[in-house]
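Asker: Pasted the sequence and its predicted model underneath.
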Amino acid sequence: MAPVLSAMVRERHLTFGCYGHTLNHRQAISPDGNWAVYDTRNDDSHIARTDAIEMVHLDSGEIKRLYQTANQSEFGPGVGAASFHPNKPLVAFIHGLENCTSEKPYSAARRFGAMVDIKEHGKFIHAEARSVLNADGVGVRPFGALSGGTHAHSWSKDGWLSFTYNDAWLERKSPANGPFRNQRSVGFMVPNMPVCVDDRGVDVSDPESFSGAYCAFLAASLCVEARNGSDDIEAAVEECWVGTNRHALAFLGAIRDDSGDLVNEIFVCDLPGENQWNEIAKRVGSATAVDASKLLEPVIGCIQRRLTHTTHRAFPGVQGPRCWLVSSADGKFLFAPMRDDRGIVQLCRINVLQGLIEQITNLEQSLEGQISLDPSGTLCSFICDQRICLVDLRSGCVHWLTDRSAASLVGAIHFAGENRFVFNRYMGTDRERWLQVFICEIG
């Protein structure tokens with residue numbers, strides 16, 4: 001094991017408020033490296049009751065409140081998971097439907113992607129349009145609109161947004177063993193293609209239907225019941241953009257092995273190119289009658305392939321803490337947690353062309369939380385054994401930036417420029433325990 005570098009690390013407490021300060025698992029640092037954005041959750045599962053998005057300056061500690069919900073209650077609307085646009089003053093985040101009540105609370109399908117301009121904060125923009133099917137499972141959906149909830153948004157280098165998705169009708173109506181199932185999928189939004197639902201036969205007085213600034217589409221090809229030993233998938237989750245020079249998503253697809261057990265393998269989906277959208281829109285039509293059997297179909301032009309085949313391993317698939325895939329900037333490699341033959345969660349690198357898996361670390365304790373990659377693609381950070389771990393991806397050398405502490409570190413360790421890392425830690429006692437933002441600097 002490499003030595004602890006704590007003597008070289010200066011750690012600073014950035015937030016002190018008696019409420020949560022939850023950093024998103026990715027894109028929490030502004031493009032100029034000066035700010036960290038967060039929501040005011042004190043627990044990862046509490047988006048429904050969370051009312052604000054804020055950002056803190058990494059040098060001065062100044063805090064700016066970017067957005068606050070109206071009529072907030074324990075049932076919603078709620079906000080969370082904020083991420084910075086790569087080159088515009090925009091922050092995207094999850095927003096619960098504005099009509100949330102005890103009878104209709106916040107849920108996986110009752111939310112959407114919101115955006116706020118950090119220079120004109122206080123007012124949000126709907127990222128995607130939404131048009132929900134009626135109780136019978138039929139309705140009209142404009143081209144580029146969805147009928148459910150997007151969440152866990154991530155920006156591509158040129159400003160597309162990826163997301164995971166749950167459909168509203170399937171959440172309410174799909175029977176456990178019926179022909180349709182409430183399955184999670186992944187999708188993407190295309191900027192500069194606004195969608196208007198007002199003139200498409202949609203009841204705009206319904207607060208669950210609204211126009212959006214981007215076109216939104218699903219990407220993964222799902223089936224209700226995957227065949228054993230096939231490449232069929234029953235759910236798609238934890239996506240990331242593949243590199244910065246193409247529009248492709250990598251995600252975890254739940255397949256069935258030869259025995260029928262679910263395994264999370266990695267899939268890659270190439271998305272339609274810029275020059276295909278006019279033709280796709282002509283083929284689909286401006287407003288499409290949709291029934292329940294079509295709700296999770298991907299948009300025309302998506303090409304999906306299975307990347308990993310790990311069912312022969314002692315611990316098959318991507319395993320460990322919930323962790324979104326991470327891509328190198330050149331799109332040649334993906335990074336994910338997988339268990340070694342001892343059952344310990346290690347950092348692994350996957351070749352995007354061939355699917356070859358290389359174990360990078362040889363940790364004695366399992367990797368915890370989300371992994372992060374620095375912009376140069378040479379370093380990776382994460383929590384392990386309640387210490388901040390930094391891995392040199394060229395050599396596999398592991399450095400410990402902090403000493404072992406109480407079980408207070410959570411989430412991702414974000415790169416914030418050279419030799420600066422931003423992270424979350426709980427401070428206080430059990431009764432007054434608040435998630436705060438910290439920064440550590442090497443040297």
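Answerer: Structure received.
Asker: Going along the chain, name the helices of this structure.
Answerer: 168-173, 277-284 (DSSP state H).
Asker: among those helices, which is the most enclosed?
Answerer: The highest average neighbour count among the helices of the chain, using mean count of other C-beta atoms under 10 Å, belongs to helix 168-173 at a mean of 19. Heads up, the C-betas are built off the backbone N, CA and C, glycines and all.
Asker: Can you spell out which helices and strands pack onto it?
Answerer: strand 148-155 (3 or more C-beta pairs under 8 Å, 6 or more residues apart in numbering; DSSP states H and E).
Asker: Partner strands of the strand it packs on and their direction?
Answerer: Using DSSP bridges, strand 148-155 pairs in its sheet with strand 161-167 (antiparallel).
Asker: quick one on the thing from earlier: of all the helices of the chain, which one is nearest Glu239?
Answerer: Nearest to Glu239 among the helices of the chain is helix 168-173 (19.1 Å), distances taken as C-beta to C-beta.
Asker: Please export the C-alpha coordinates of that closest one as CSV.
Answerer: The C-alpha trace of helix 168-173 is given here as CSV (Å, rounded to 0.1, in the frame of the first residue of the first chain):
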residue,chain,number,x,y,z
ALA,A,168,-45.8,7.5,-15.4
TRP,A,169,-48.5,5.2,-16.8
LEU,A,170,-46.4,2.1,-16.2
GLU,A,171,-45.7,3.2,-12.7
ARG,A,172,-49.4,3.5,-12.0
LYS,A,173,-51.0,0.8,-14.1
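Asker: ok, residues contacting it?
Answerer: Helix 168-173 is contacted from outside by 107-110, 132-133, 135, 137, 147-149, 180-183, 208, 292, 295-296, using C-beta atoms under 8 Å, 6 or more residues apart in numbering.
Asker: Of these, which count as buried by neighbour count?
Answerer: Neighbour-count burial (16 or more other C-beta atoms under 10 Å) applied to the contacts of helix 168-173 gives 107-110, 132-133, 137, 147-149, 180-183, 208, 292, 295-296.
Asker: In the stretch 301-443 of the chain, mark out all the strands, start to finish.
Answerer: Remark: strands assigned in the stretch 301-443 of the chain by DSSP state E, counting those that start in this stretch are 303-306, 326-327, 333-339, 345-351, 357-359, 367-373, 379-384, 387-392, 398-400, 409-415, 420-428, 433-442.
Asker: just checking, Pro31 touches Val91?
Answerer: No. Counting by C-beta atoms under 8 Å, Pro31 sits too far from Val91 to count as a contact (11.4 Å).
Asker: of these two, who's got more company?
Answerer: Val91 (27 against 13; other C-beta atoms under 10 Å).
Asker: which residues touch the more buried one?
Answerer: Val37, Ile53, Met55, Leu66, Ala82, Ser83, Phe84, His85, Met115, Val116, Ile118.
Asker: possible to save these as a markdown table with pLDDT and distance to Cys348?
Answerer: Converted to a markdown table, the contacts of Val91 look like this (pLDDT from 0 to 100; distance: C-beta to C-beta, whole Å):
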| residue | pLDDT | distance to Cys348 |
| --- | --- | --- |
| Val37 | 98 | 29 |
| Ile53 | 98 | 33 |
| Met55 | 98 | 33 |
| Leu66 | 97 | 36 |
| Ala82 | 98 | 28 |
| Ser83 | 98 | 25 |
| Phe84 | 98 | 27 |
| His85 | 98 | 30 |
| Met115 | 98 | 34 |
| Val116 | 97 | 36 |
| Ile118 | 94 | 36 |
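Asker: what pairs with Phe93 across the strands?
Answerer: Ala114.
Asker: Would you enumerate the residues in contact with it?
Answerer: Contacts of Phe93 by C-beta under 8 Å, 6+ apart are 39, 53, 67, 79-83, 113-116, 153.
Asker: try it again with 10 Å
Answerer: 24, 37, 39, 47, 53, 66-67, 79-83, 113-116, 124, 127, 151, 153 (C-beta atoms under 10 Å, 6 or more residues apart in numbering).
Asker: can you check Asp167 too?
Answerer: Going by C-beta under 10 Å, 6+ apart, Asp167 touches 108-109, 132-133, 146-149, 173-174, 180, 182-185, 218, 292, 295-296.
Asker: Identify the residues contacting the closest residue to it other than its chain neighbours.
Answerer: What sits nearest to Asp167 in space, not counting adjacent residues and going by C-beta to C-beta, 6 or more residues apart in numbering, is Gly148, at 3.7 Å. By C-beta under 10 Å, 6+ apart, the contact list for Gly148 reads 108-112, 128, 130, 132-133, 165-171, 182, 185, 187, 218, 295-296.
Asker: send the alpha carbons of the helix or strand of the chain with the lowest mean pLDDT over as CSV?
Answerer: Every helix and strand in the chain was compared by mean pLDDT, DSSP states H and E; the lowest is strand 287-291, with a mean of 75. The C-alpha coordinates for strand 287-291 follow below in CSV (Å, rounded to 0.1, in the frame of the first residue of the first chain):
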residue,chain,number,x,y,z
ALA,A,287,-47.6,14.2,-33.0
THR,A,288,-47.8,10.4,-32.5
ALA,A,289,-50.6,8.3,-31.0
VAL,A,290,-48.9,6.2,-28.4
ASP,A,291,-50.2,3.1,-26.6
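Asker: ok, the residue nearest the centre of the chain to Glu62 distance?
Answerer: The centroid of the chain falls nearest to Ala152 when counting by C-alpha atoms, centre = their mean (3.2 Å). Distance of Ala152 to Glu62, given as C-beta to C-beta, to the nearest Å: 28 Å.
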